[in-house]
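Colleague: Here's my sequence, what's the structure:
(chains A and B)
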2 protein chains.
Amino acid sequence: MQAWKTYQEKNKDRFLQELLELLRIPSVSADSRHREDTRRCAEAVKKRLLEAGADKAEICPTAGHPIVYAEKIIGPGHPTILVYGHYDVQPPDPLDLWHSGPFEPVIKDGRIYARGACDDKGQFYMHVKAFETLVQTQTLSCNVKFMIEGEEEVGSESLPDFLRQNKEKLQTDIVLISDTSMLSMEHPSLETGLRGLAYMEVEVSGPNRDLHSGVYGGAVANPATVLCQLIASLHDENNRITIPGFYDEVAELSAAERAALNKAPFDAEAYKEDLGIKALWGEKGYTTLERTGIRPTLEVNGIWGGYTAEGAKTVLPAKAHAKISMRLVPNQTSHTIEKLFTDHFNHIAPEGVTVKVKALHGGEPAVTPVDSVAYRAAGKAIETTFGKEPIPTRGGGSIPIVALFEEVLKTKSVLMGFGLDNDNLHSPNEKFDLFNYYKGIETIPYFHRYFAEMSKEG
Amino acid sequence: MQAWKTYQEKNKDRFLQELLELLRIPSVSADSRHREDTRRCAEAVKKRLLEAGADKAEICPTAGHPIVYAEKIIGPGHPTILVYGHYDVQPPDPLDLWHSGPFEPVIKDGRIYARGACDDKGQFYMHVKAFETLVQTQTLSCNVKFMIEGEEEVGSESLPDFLRQNKEKLQTDIVLISDTSMLSMEHPSLETGLRGLAYMEVEVSGPNRDLHSGVYGGAVANPATVLCQLIASLHDENNRITIPGFYDEVAELSAAERAALNKAPFDAEAYKEDLGIKALWGEKGYTTLERTGIRPTLEVNGIWGGYTAEGAKTVLPAKAHAKISMRLVPNQTSHTIEKLFTDHFNHIAPEGVTVKVKALHGGEPAVTPVDSVAYRAAGKAIETTFGKEPIPTRGGGSIPIVALFEEVLKTKSVLMGFGLDNDNLHSPNEKFDLFNYYKGIETIPYFHRYFAEMSKEG
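Modeller: Sure, this is the predicted structure:
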């Protein structure tokens, strides 16, 4: 649409400056020292939604960080789109690996570098600016609702209650989410599914105090050694997970589905070079795309115990800890996997140590039917602005709330992500390409239009 | 000897007051803010050695803290004893756990509470007072040399050069050291050996940055998981160390020697209760006393990698680290073991990760032959004052300088310690029992006498 293009061209710079402002707010939900910043970020989001054209916007308090809700209702005859996103970000550490301050966004080589640039401030803000474009050009064809939360990076703990308490208000025909990646700008893609998550923390305790490793070494089970042995035993020689029953509920894809999935362009050499690794790794019998898309995994996210400072201290540590998370695929459920993991970990712990297992948070896997109106509308919108049909992909990450929307709101989600796998999400030097940011703002209005048209056709 | 008893009875209080004075000097070698105190402590030791009857005493400067040397030579016909000790102490922190100031010694329930009370001021000063007793009662039967250093708690870095540069001056028939413990006053014991040490640090590197465990999990080798697998593989199901060649040089004890070693009273239930563990652990086929005394061990002293703070961060870490140390027994050498460990660790590292191995520091194991003149003299001295033959024990810890004396001075050492395992060495509220202090002063002169007599008999 020429009107959209003109309006967006005219406001290009402001669209960027507004995002940079948001990125300057260190809304780290995991860190209580940033509680006030997080609150401040919510206020900023509310203000921008009103400026963009929302009839009303509000900050909804929760047990944790607040949820920003806004809407513009144009009438019952029109389909409703609920835009979900999150204004909270991951902790920035390790700080020393950043080339510039995580909360001092800089533009370099056409990229925005900052924590949250892509995940998810940059991506949800595309929707705010696309919405503004539609409002300002009087071309809004759907009712629009925004729900931008502040706890996605810590497990969206307040969201389930919020959804249940606001079912009516949140009624929608589709949930639209941009919190995922495309294969590349040359190979636009659309996620058809996401993995679930079961995130655990384990503690192995041995002696009641740190011991002198000379005096007691060799006579007392070492919690750090035992923890390593337990973790090592969780994968077999084919890199399959050894937890009994772990794969019982896994939905195996048909040969055709696997073939379609593997149509996605994948350059193993480029992939290895980008990561600086000499070899790929993973479950035997599956491709990398399958390993990250349709197969469940188990990763150590963190491990610590004993003396970790400079030099040599001959201590036999009293405790050792690890954070271990599993990615789940249909039809696994986080509760079942948490229980299987806990039972197994307790079962394999040798005598002489005590094991504590705690589930930190979980989310369910989800899929989007490719034949749905919303999926087709998203595909067509991307085809319009990219000149290419998107490739259906399975996302390795987890957006647990997608399954939650299905359960509570009885609504499917469309995952129209504009990020790239090398955006360094959760890592130092997170970035978002300006091209992608603007491409998203350009594409989203088409989704509104096609979704409205196709919904009428039914 | 009645004369000794009388003299020591008469000077009992002064012997204690002089020790307390030494304990008031915060000679913390690790802390440069105490450099002057350390220097002052050396001066005080020199002064006391002269008062005790040394012909000469000097403060020998080193690259680090000075070494106090003193001697009394009564003639070539007599054997020579070199007393080794250290006047430096461990840092006192955590200060808040002390019941009284670490450098304000107090006597409570017949114990001296102060940093250095046992390790090693209290123990080396027994030798100064025993020496005084012999001189004052005209019963000195050996040439005596004292070498009291100020860097034992920081690795005795200046000692090797000092020994090499003063070989002649330090010529001796035996090195006598009181820097270890007895089983108890009811069960006097004598150390017959110490374990060596090879302390390593390893780094496992995978991708060139921390990755999102959802996007990359399952497709890239996880350095934390790999580190666990490598560490787990270092012990087999019998808790034997799997490094090829690791046991090749281990001197197996004879059945008789093992039997003697196991004569030491050991209460497994009390041991477990003290440590708060439900089961013992260790190399199959050996007792706890053997596992901590005559067998080499491998312990994880520290491990770290990935996200270790509060909450859940779904990261696949770029690196993981561990500190791993091995206790060595005769005839293992730290250099050989460091090399075997390094080669093995590099060998078992899977492709997809890079491994770096660094040796942080090492020390050699040492034994005192129980049939040597010096050992028999020490045993007889203890039997005389305790009324019981000492139980031969193997210390699990390491005193690297013992091996150094063998290498440079070609002299064995006798480890006649009068401390107890619960003296809180290196911990808050370090103490030394008055009974042990005086018992040491009473026993040492007998060692001089028996050593002189037995040396003549040959």
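Colleague: going forward, measure contacts between C-alpha atoms and count neighbours the same way
Modeller: Fine.
Colleague: helices and strands around the longest helix anywhere in chain A, which ones?
Modeller: Determined from DSSP state H, the single longest helix within chain A is helix A:434-457. Other helices and strands packing on helix A:434-457, by 3 or more CA pairs under 8 Å, 6 or more residues apart in numbering or on different chains; DSSP states H and E, are helix A:2-23, helix A:121-136, helix A:373-386.
Colleague: Tell me which residues are up against the second one.
Modeller: Going back to what we said before, that points to helix A:121-136. A:4, A:7-8, A:15, A:19, A:22-23, A:48-49, A:52-53, A:83-88, A:116-117, A:140, A:177-179, A:417-419, A:432, A:437-438, A:440-442, A:444-445 (CA atoms under 8 Å, 6 or more residues apart in numbering or on different chains).
Colleague: model confidence over it, on average?
Modeller: Mean pLDDT, computed over helix A:121-136, is 98.
Colleague: Same question for stretch A:178-196.
Modeller: 90.
Colleague: Next: stretch A:337-344.
Modeller: 98.
Colleague: Also stretch A:255-271?
Modeller: Stretch A:255-271 comes out at a mean pLDDT of 88.
Colleague: List the buried residues in that stretch.
Modeller: A:258, A:261-262, A:264 (16 or more other CA atoms under 10 Å in any protein chain shown).
Colleague: Filter the contacts of helix A:121-136 down to just the buried residues.
Modeller: A:4, A:8, A:15, A:19, A:22-23, A:48-49, A:52-53, A:83-88, A:116-117, A:140, A:177-179, A:417-419, A:432, A:437-438, A:440-442, A:444-445.
Colleague: Please give me every residue in contact with residue A:238.
Modeller: Taking CA under 8 Å, 6+ apart as the test, what residue A:238 contacts is A:282-284.
Colleague: Among those, name the buried ones.
Modeller: Applying 16+ other CA under 10 Å to the contacts of residue A:238 flags A:282-283 as buried.
Colleague: can you redo the contacts of residue A:238 as CSV with pLDDT and secondary structure?
Modeller: Below are the contacts of residue A:238 laid out as CSV (pLDDT from 0 to 100; DSSP: H, G, I helix; E, B strand; the rest coil):
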residue, pLDDT, secondary structure
A:282, 97, coil
A:283, 98, coil
A:284, 97, coil
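Colleague: For the stretch 351-458 of chain A, which residues are neighbours of chain B?
Modeller: A:351-353, A:360-361, A:395-398, A:421, A:424-428 (CA under 8 Å from any CA of the partner chain).
Colleague: do that again at 10 Å, thanks
Modeller: A:351-354, A:359-361, A:395-398, A:421-422, A:424-429 (CA under 10 Å from any CA of the partner chain).
Colleague: Which of those fall within strands?
Modeller: Among those, the ones falling in strands (DSSP state E) are A:354, A:359-361.
Colleague: which among those gets closest to chain B?
Modeller: Among these, residue A:360 lies closest to chain B (CA to the nearest CA), at 6.6 Å.
Colleague: Is it correct that that closest one is in contact with residue A:155?
Modeller: Yes. Counting by CA atoms under 10 Å, residue A:155 is a contact partner of residue A:360 at 8.5 Å.
Colleague: list the residues that contact both of these two?
Modeller: A:199, B:311-312 (CA atoms under 10 Å, 6 or more residues apart in numbering or on different chains).
Colleague: quick one: the helices in the stretch 201-350 of chain A?
Modeller: Ranges of helices within the stretch 201-350 of chain A are A:223-232, A:255-261, A:268-275, A:288-293, A:334-348, based on DSSP state H, counting those that start in this stretch.
Colleague: Now tabulate the ones you listed in TSV and tack on distance to residue A:215.
Modeller: Converted to TSV, these look like this (distance: least, CA to CA, whole Å):
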stretch	distance to residue A:215
helix A:223-232	16
helix A:255-261	57
helix A:268-275	43
helix A:288-293	46
helix A:334-348	28
